[in-house]
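Undergrad: make a model of this:
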Amino acid sequence: MRGQVRTLFLGVLLLWPAFGLWGLLGSRPELAALAVVTALAVVGWLYAGYRRQRFPAWSWIFEGAGVCLVAAASEYGPTIGLCFVWVSFRALYGGLREKILGTAVVCGIMAAGALMFDVRPGVAIPLFFTALISLAVSHVLAMGSSARDRSADREGTLASAGAGLVASTTRAEAMDVTLGAALSMDRAASAALIMTVTGPSLHVIAAAGDVGPEAYGWVTELTRLPEEARAALRPGGCAVVCDQTAAEVAEVLRLPPPAMIVLAPMAAHGDAFGLLVVALDRLPTDDLSAAVTTLADESALTLDQLLSRSRLSIVVEHSADALILASESGLIRFVNPAAEMMLACPSEELVGSNLWPLVHEGDVTALREVVSSFVRPTPVPCRIRGREHAEWTDVEALVEYVSEHDGSRSIVFTARDVSERHRLELELRHAQKLESVGRLAAGIAHEINTPIQFVGDNARFLETAFTDLDRLLAAYRELVSAAQANGDIETTLRDVDAVATEIDIEFVMEEVPTAISQTLEGISRVANIVRAMKAFGHPGTEEKSRADLNEAIKNTIVVANNEIKYIADVETDLGDLPLVHCHLGDINQVVLNLVVNAAHAIGAADRGRGTIRVSTRPEDGFAVIEVADSGTGVPAEIADKLFDPFFTTKEVGTGTGQGLALVRTLVADRHGGTIDFTSTVGVGTVFTVRLPVAGLEELPMNTELAEVSL
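TA: Residues are numbered from 1 along each chain as shown. Okay, here's the model as predicted:
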């Protein structure tokens with residue numbers, strides 16, 4: 001604004017010669033020519049100063065002498081207007097001291113007119129006061145316009161700083177913009193610092209201007225700052241310190257002694273985390289606290305956003321999960337290093353390609369169905385790969401649609417590699433199966449030992465019987481020989497009869513068939529146990545196959561017989577089930593855990609011998625297995641925890657709390673089935689397992705819903 005006022009007065013000053021010099025007509029001839037030259041010289045000098053935007057202080061005297069000469073040439077007549085225009089224009093430049101010098105020059109002009117050129121006091125004095133009033137008005141106008149100009153400059157500085165902060169991509173860039181703007185707030189600004197507060201410490205993280213060599217990076221105690229300065233460490237607070245307090249702050253921050261220091265808080269989320277400090281080598285003409293506070297707020301917001309962005313970048317870059325950002329149509333826009341590693345493809349190859357061909361075609365529908373549902377999306381097991389002929393990687397993936405700031409929708413695809421976890425789970429299942437078999441080993445040995453004992457006893461009996469029959473056969477041969485030789489047949493007959501009586505031939509002939517039958521039965525029982533153990537303990541494969549669940553249940557009951565037979569009777573009602581697509585080893589483990597838990601529940605009830613009933617039936621594409629017991633039942637207060645890992649109602653050292661948790665994992669996660677139970681305290685519990693006959697992979701999908709999610 002001050003520039004516009006200066007231009008206005010300069011325009012008037014340049015127009016003055018066009019009508020002001022006519023006053024020299026008829027003036028003193030000896031001064032007229034010199035006055036014209038002087039008037040033009042003064043106007044030219046003022047124009048040159050306008051272009052330079054400054055005047056030296058001594059020019060007041062030079063200019064005043066020229067104006068006095070022009071006024072004297074016309075006897076302080078019409079050309080005196082040059083004095084008023086000159087004073088008004090020159091008052092727009094310089095400080096208060098120059099204005100005082102200007103007042104003295106004006107006083108000298110009027111005194112010279114009265115003393116040297118016979119100007120009457122009645123004319124000189126009004127002209128003098130008129131000139132002083134012009135000078136005072138112009139000075140006030142200059143001060144006001146300067147203040148407005150400074151305010152406009154600061155607003156421009158803040159606007160420029162705001163744009164620079166928005167464009168900053170690093171905290172260093174943002175701090176450089178902030179410090180540059182702080183030093184541009186006022187010509188008196190000599191230094192600027194940005195400090196962070198960490199607990200009781202102050203840390204100078206950026207500095208610019210006239211700062212000490214050790215200011216940057218300086219760490220000091222917050223308590224060393226004067227109380228007046230520490231008051232700025234709150235949102236909305238600001239401290240302006242001068243004189244001795246400013247010197248104390250400068251000493252703490254290792255700054256040259258300033259005339260004034262402005263401290264503004266840098267706050268985010270209602271918490272002040274630092275200070276913006278501006279040091280001035282002289283007192284400013286107006287208040288800087290509002291502008292510095294605004295700059296500190298803008299800088300704090302940007303630094304906080306950049307810090308959050310930096311932290312987010314660190315999390316994304318170092319995340320073990322694959323993160324992929326794609327457009328709504330599936331065009332990949334960003335992948336993190338974990339995604340590059342998991343897909344074995346560089347980001348340059350992945351960005352710009354389509355997301356969905358990376359997912360196994362059999363898993364795409366399930367992923368999109370989860371997205372289109374009205375419940376919070378949950379991770380879905382699927383397979384992904386980066387190139388067409390690469391091996392599939394087992395992952396748990398989560399797909400979410402998000403809205404960006406421009407209103408567009410994007411896909412956030414998160415995948416966690418679970419192939420190693422699957423391997424460990426498989427090993428754990430095998431280990432738990434071996435643990436189960438080990439726990440039942442003594443019972444199985446007992447089960448085998450009983451038939452082996454009577455098989456051995458019968459074999460020894462048959463061995464003895466065979467020896468006795470061999471003696472009897474030898475006696476009959478002697479009888480035959482005696483008859484053929486016409487020997488003593490009667491004596492031989494008595495010997496034969498004695499041998500038959502001794503070996504109790506009737507008993508032998510009666511017991512040998514029984515012994516043979518019992519031996520065969522024992523061998524059959526042993527073979528049955530061995531066959532059941534072989535079927536139960538078979539490691540199987542990771543690929544599902546069709547299996548007879550009824551046969552698996554029979555084998556499992558045989559394996560668990562020793563855990564059950566002293567506690568409960570087992571009843572089976574096995575329906576006509578189709579072959580089920582499953583991991584047979586997992587189903588063996590499920591049935592074993594349920595049957596053994598049932599036996600333990602009956603034992604805990606302490607009501608004598610109980611009953612375990614195992615039944616199967618087909619139901620709407622599912623194979624249903626029910627295991628019912630007459631045990632203690634499940635209290636309502638623990639019903640919702642029954643399948644939680646490590647939850648057990650057994651004594652320490654007896655139960656691990658993994659049995660039913662494993663059952664739920666094998667049924668729900670591995671086979672896409674369900675398991676639930678009904679229970680009555682004191683009566684018993686019924687566990688119901690439902691397995692899809694077709695298998696999880698072959699379950700029909702809701703294709704209509706999948707099409708909607710596209």
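Undergrad: any weak-confidence spans in the stretch 151-300 of the chain?
TA: Applying pLDDT under 70 to the stretch 151-300 of the chain flags residues 151-152, 212-214.
Undergrad: show me the strands in it, by range?
TA: 189-198, 201-209, 219-221, 239-242, 260-268, 271-280 (DSSP state E, counting those that start in this stretch).
Undergrad: make JSON lines from those strands and add distance to T302 to it.
TA: (Each C-beta comes from the backbone N, C-alpha and C, glycine too.) Shown next, in JSON lines, are these (distance: least, Cβ to Cβ, whole Å):
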{"stretch": "strand 189-198", "distance to T302": "12"}
{"stretch": "strand 201-209", "distance to T302": "13"}
{"stretch": "strand 219-221", "distance to T302": "24"}
{"stretch": "strand 239-242", "distance to T302": "22"}
{"stretch": "strand 260-268", "distance to T302": "10"}
{"stretch": "strand 271-280", "distance to T302": "12"}
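Undergrad: can the ones you listed go into a markdown table with extra columns for mean neighbour count?
TA: Shown next, in a markdown table, are the strands of the stretch 151-300 of the chain (neighbours: other Cβ atoms under 10 Å):
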| stretch | mean neighbour count |
| --- | --- |
| strand 189-198 | 22 |
| strand 201-209 | 19 |
| strand 219-221 | 12 |
| strand 239-242 | 20 |
| strand 260-268 | 25 |
| strand 271-280 | 24 |
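Undergrad: please name whichever of the ones you listed is nearest to R609.
TA: Of all those, strand 271-280 sits nearest to R609, with 69.6 Å by Cβ to Cβ.
Undergrad: which helices and strands sit right next to that closest one?
TA: Secondary-structure packing of strand 271-280 (3 or more Cβ pairs under 8 Å, 6 or more residues apart in numbering; DSSP states H and E): helix 171-183, strand 189-198, strand 201-209, helix 243-253, strand 260-268, helix 289-318.
Undergrad: what about it, distance to the chain center?
TA: Here the centre of strand 271-280 is set off from its chain's centre by 30 Å, with Cα atoms, centre = their mean, to the nearest Å.
Undergrad: pull up the pairing partners for that strand, direction included.
TA: strand 189-198 (antiparallel), strand 260-268 (antiparallel) (DSSP bridges).
Undergrad: could you dump the ones you listed to JSON lines with distance to R609?
TA: Output for the strands paired with strand 271-280, formatted as JSON lines (distance: least, Cβ to Cβ, whole Å):
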{"stretch": "strand 189-198", "distance to R609": "72"}
{"stretch": "strand 260-268", "distance to R609": "72"}
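Undergrad: out of those strands, which is closest to N336?
TA: strand 260-268 (26.5 Å).
Undergrad: what angle separates the closest one from helix 171-183?
TA: 140 degrees (axes from the mean of the first three to the mean of the last three Cα atoms, to 10 degrees).
Undergrad: need the contact partners of strand 260-268.
TA: The contact list for strand 260-268, computed with Cβ atoms under 8 Å, 6 or more residues apart in numbering, reads 194, 229, 232-242, 246, 249-250, 272-280, 282-284, 288-289, 292-293, 295-297, 299-301, 303-304.
Undergrad: would you mind writing the CA trace of it as PDB?
TA: Extracted C-alpha coordinates of strand 260-268, given in PDB (Å, rounded to 0.1, in the frame of the first residue of the first chain):
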ATOM      1  CA  MET A 260      13.500 -10.000  21.700                       C
ATOM      2  CA  ILE A 261      12.600 -13.700  21.400                       C
ATOM      3  CA  VAL A 262       9.200 -15.100  20.300                       C
ATOM      4  CA  LEU A 263       8.400 -18.700  21.300                       C
ATOM      5  CA  ALA A 264       5.400 -20.400  19.800                       C
ATOM      6  CA  PRO A 265       4.200 -24.000  20.600                       C
ATOM      7  CA  MET A 266       4.200 -26.700  17.900                       C
ATOM      8  CA  ALA A 267       1.200 -28.900  18.900                       C
ATOM      9  CA  ALA A 268      -0.700 -31.800  17.400                       C
END
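Undergrad: what angle do that strand and helix 243-253 make?
TA: Interaxial angle of strand 260-268 relative to helix 243-253 (the same axes, to 10 degrees): 60 degrees.
Undergrad: ok, L367 to L358 distance?
TA: Separation of L367 from L358 (Cβ to Cβ, to the nearest Å) stands at 11 Å.
Undergrad: what of T572?
TA: 48 Å.
Undergrad: show me which of the two is the more surrounded one.
TA: L358 (23 against 13; other Cβ atoms under 10 Å).
Undergrad: looking at the strands of the stretch 151-300 of the chain, which is nearest to A475?
TA: Closest to A475 of the strands of the stretch 151-300 of the chain is strand 189-198 (Cβ to Cβ; 112.2 Å).
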